[in-house]
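Asker: predicted structure and sequence below. I'll ask about it afterward.
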Amino acid sequence: MSPINRRQFVAGSAAAAAAFTIVSRHVLGGANMKPPSEKLNIAGVGLNGMGSGDVHNCASENIVALCDVDQNVLAREAKKYPGAKLHTDFRKMLETQKDIDAVICATPDHNHAMVSMMAIKMGKHIHCQKPLTHSVYEARAIAKAAQEAKVATQMGNQGQAGEEARLIAELIASGAIGTVREVHGWSNRYPQISPRGIRRPTDTPKVPETIDWNLWVGPSPMRPYNPCYHPFAWRGWWDFGTGCLGDIGCHQFSSTFKALKLRGHPTTIESSSTNDQMPPEVANETAPLASVTRWTFPADGDRAAITLTWWDGGMKPARPDELEPDRKFGVDDGLYIIGDKGKILGHRLIPESRAKEVGKPPQILPRSPGHYKEWIEACKGGKPAGSDFVLHAAHLAEVVLLGNIAIRTREKLSWDGPNMKFTNSAAASALLNPPYREGWTL
């Protein structure tokens with residue numbers, strides 16, 4: 001390990017600890033807090049896939065309400081929680097069922113902000129799947145509302161609570177890789193993450209009698225029912241999802257946002273993708289099959305300027321020279337951090353000989369009791385959860401969603417973060433806050 005003096009290590013340790021240390025919610029004046037011994041009354045909205053798992057992971061509390069627009073899904077989950085009241089419309093659920101303390105939202109992306117905002121305005125704690133919202137404007141608005149309501153919040157990027165996220169921060173703080181200049185994240189999950197690179201379907205099959213399609217579409221433009229949207233085929237469609245970047249970016253980049261204190265705004269965002277060669281009727285409808293997206297963050301205090309790069313669909317950065325020939329690189333999901341004195345792949349230094357030489361970095365960060373327990377404890381007056389909307393999640397989601405705007409406009413965008421506007425693209429600015437379908441407001 002390259003030598004660093006005590007002052008340098010203490011300074012780096014303090015910086016990393018600050019990114020992970022959060023004060024008690026009692027100090028913040030949280031609303032509707034229950035004593036730690038009293039169970040929360042929790043409602044689940046959107047119960048397929050991750051929604052089912054999210055509710056299951058909070059079943060130590062009272063599951064008092066279940067809501068889904070698909071009656072088949074609702075009936076399946078109702079068997080697990082026979083005491084829960086059943087709903088198809090989250091708005092009616094929140095308006096009529098007064099015993100709800102907290103809400104779990106795992107709808108498709110386009111409804112995240114709708115559910116979260118209503119819960120927040122009613123003083124309910126909220127756990128919402130990633131990405132937190134469907135648009136940049138929504139991310140800002142949800143963070144503001146959560147801060148004002150002082151409710152406990154958590155975005156569903158579960159890895160933020162894990163040991164690996166803390167090891168990454170402690171390695172960086174220890175000086176093991178020196179000054180960080182580049183961060184790379186990737187995912188290669190096609191076709192698991194929804195159809196992409198295709199035209200909107202023209203056939204109009206009958207809506208299954210068990211589905212309230214109007215509610216499923218929610219604030220997005222009305223599209224005729226089609227199984228290419230539901231169930232769980234919506235992620236790749238811009239109307240309803242946020243593509244591979246929106247799905248996985250909030251997972252892959254969370255640890256480095258904390259470790260490097262990336263709380264500021266990128267100044268430029270640019271992207272190239274397979275959509276660049278697609279006609280508008282494809283590029284305007286779905287996320288690309290593959291893309292490379294880059295954000296530039298200026299220096300901030302002791303932190304150097306950083307470029308953040310996302311790769312998906314088989315695209316990947318140059319293989320590190322330090323990596324052993326027999327080790328895979330750039331497959332599945334990954335994180336690669338480059339400093340001027342070393343590199344981290346995943347949560348370990350490379351090459352492996354360097355990781356063994358340095359060993360485990362000194363522990364300077366508190367460990368998590370678990371992603372869901374963090375949120376439950378926050379709801380009961382404990383410290384805010386690790387992916388609290390105000391302190392972490394909304395900013396992370398905003399940066400990810402800015403990348404999708406760069407993908408869609410195919411421009412190098414100049415971003416004025418404090419004023420939430422692009423200074424060089426009207427087309428990009430129009431995507432910051434797309435209009436809602438009539439009858440829907442945030």
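Answerer: That came through, no problem. Numbering: from 1, shown residues only.
Asker: what bits of the stretch 151-300 of the chain have low per-residue confidence?
Answerer: Counting by pLDDT under 70, the stretch 151-300 of the chain shows low-confidence ranges at 190-193.
Asker: rerun at 90
Answerer: Scanning the stretch 151-300 of the chain for pLDDT under 90 picks out 188-197, 231-233.
Asker: what ranges do the helices span in it?
Answerer: If you assign secondary structure with DSSP state H, counting those that start in this stretch, the helices in the stretch 151-300 of the chain sit at 163-174, 213-217, 243-252, 254-259, 280-283.
Asker: out of those helices, the one nearest Glu138 is which?
Answerer: Comparing the helices of the stretch 151-300 of the chain against Glu138 with C-beta to C-beta, the closest turns out to be helix 243-252 (12.4 Å). From N, CA and C alone the C-beta is placed, and that goes for glycine too.
Asker: and the closest one, what does it pack onto?
Answerer: Using 3 or more C-beta pairs under 8 Å, 6 or more residues apart in numbering; DSSP states H and E as the contact test, the elements touching helix 243-252 are strand 180-187, strand 291-297, strand 306-312, strand 333-339, helix 394-409.
Asker: quickly list the domain ranges of the chain.
Answerer: When the chain is parsed into structural domains using automatic domain parsing, the resulting residue ranges are 6-158, 160-206+226-362+387-430.
Asker: dump the helices and strands packed on helix 243-252 to TSV, plus mean neighbour count.
Answerer: Rendered in TSV, the data for the helices and strands packed on helix 243-252 read as follows (neighbours: other C-beta atoms under 10 Å):
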stretch	mean neighbour count
strand 180-187	22
strand 291-297	22
strand 306-312	22
strand 333-339	21
helix 394-409	25
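Asker: and of these, who's closest to Pro369?
Answerer: Closest among those, once you apply C-beta to C-beta, is helix 394-409, at 21.3 Å.
Asker: now that closest one: mean pLDDT?
Answerer: Confidence over helix 394-409, taken as the mean pLDDT, stands at 98.
Asker: can you name the next helix or strand after that helix?
Answerer: On the C-terminal side of helix 394-409, the closest following helix or strand by DSSP states H and E is strand 413-416.
Asker: who touches that next one?
Answerer: Identification of contacts with strand 413-416 by C-beta atoms under 8 Å, 6 or more residues apart in numbering yields 265-270, 402, 405-406, 422-425, 428.
Asker: now with 10 Å?
Answerer: Residues outside strand 413-416 that contact it (C-beta atoms under 10 Å, 6 or more residues apart in numbering): 136, 265-271, 295-296, 399, 402-403, 405-406, 421-425, 427-429.
Asker: if we can go back for a sec, would you format the helices and strands packed on helix 243-252 as CSV with distance to Asp89 included?
Answerer: Formatted as CSV, the entries for these read as follows, by distance: least, C-beta to C-beta, whole Å:
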stretch, distance to Asp89
strand 180-187, 34
strand 291-297, 36
strand 306-312, 35
strand 333-339, 35
helix 394-409, 25
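Asker: nearest to Asp54, of those?
Answerer: Nearest to Asp54 among those is helix 394-409 (17.0 Å), distances taken as C-beta to C-beta.
Asker: what's the angle between the closest one and strand 306-312?
Answerer: Computed by axes from the mean of the first three to the mean of the last three C-alpha atoms, to 10 degrees, the angle separating helix 394-409 from strand 306-312 equals 60 degrees.
Asker: just the CA coordinates of helix 394-409, formatted as CSV?
Answerer: Once side chains and other backbone atoms are set aside, the C-alpha atoms of helix 394-409 remain, and they are given as CSV (Å, rounded to 0.1, in the frame of the first residue of the first chain):
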residue,chain,number,x,y,z
ALA,A,394,-33.4,11.8,-5.7
HIS,A,395,-30.1,13.2,-6.7
LEU,A,396,-28.8,9.8,-7.9
ALA,A,397,-32.0,9.2,-9.9
GLU,A,398,-31.9,12.7,-11.4
VAL,A,399,-28.3,12.1,-12.7
VAL,A,400,-29.4,8.7,-14.2
LEU,A,401,-32.4,10.3,-15.8
LEU,A,402,-30.3,13.1,-17.3
GLY,A,403,-28.4,10.3,-19.1
ASN,A,404,-31.6,9.1,-20.7
ILE,A,405,-32.3,12.6,-22.0
ALA,A,406,-28.8,12.6,-23.6
ILE,A,407,-29.7,9.2,-25.2
ARG,A,408,-32.9,10.5,-26.6
THR,A,409,-31.6,13.8,-28.0
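Asker: just put the domains of the chain in JSON lines and tack on distance to Lys373.
Answerer: Formatted as JSON lines, those follow (distance: least, C-beta to C-beta, whole Å):
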{"stretch": "domain 6-158", "distance to Lys373": "9"}
{"stretch": "domain 160-206+226-362+387-430", "distance to Lys373": "8"}
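Asker: quick one: which of those is nearest Gly218?
Answerer: So among the domains of the chain, domain 6-158 is nearest, using C-beta to C-beta, at 4.7 Å.
Asker: can you pull out the strands in the stretch 101-250 of the chain?
Answerer: Taking DSSP state E, counting those that start in this stretch as the criterion, the stretch 101-250 of the chain contains strands spanning 102-105, 125-128, 153-155, 180-187.
Asker: same for the shortest one, what does it pack against?
Answerer: Counting contacts by 3 or more C-beta pairs under 10 Å, 6 or more residues apart in numbering; DSSP states H and E, strand 153-155 packs against strand 102-105, helix 112-121, strand 125-128, helix 136-149, helix 371-379, helix 394-409.
Asker: ok, that strand: who's next to it in the sheet?
Answerer: Each strand pairing with strand 153-155, determined using DSSP bridges, is listed with its direction: strand 125-128 (parallel).
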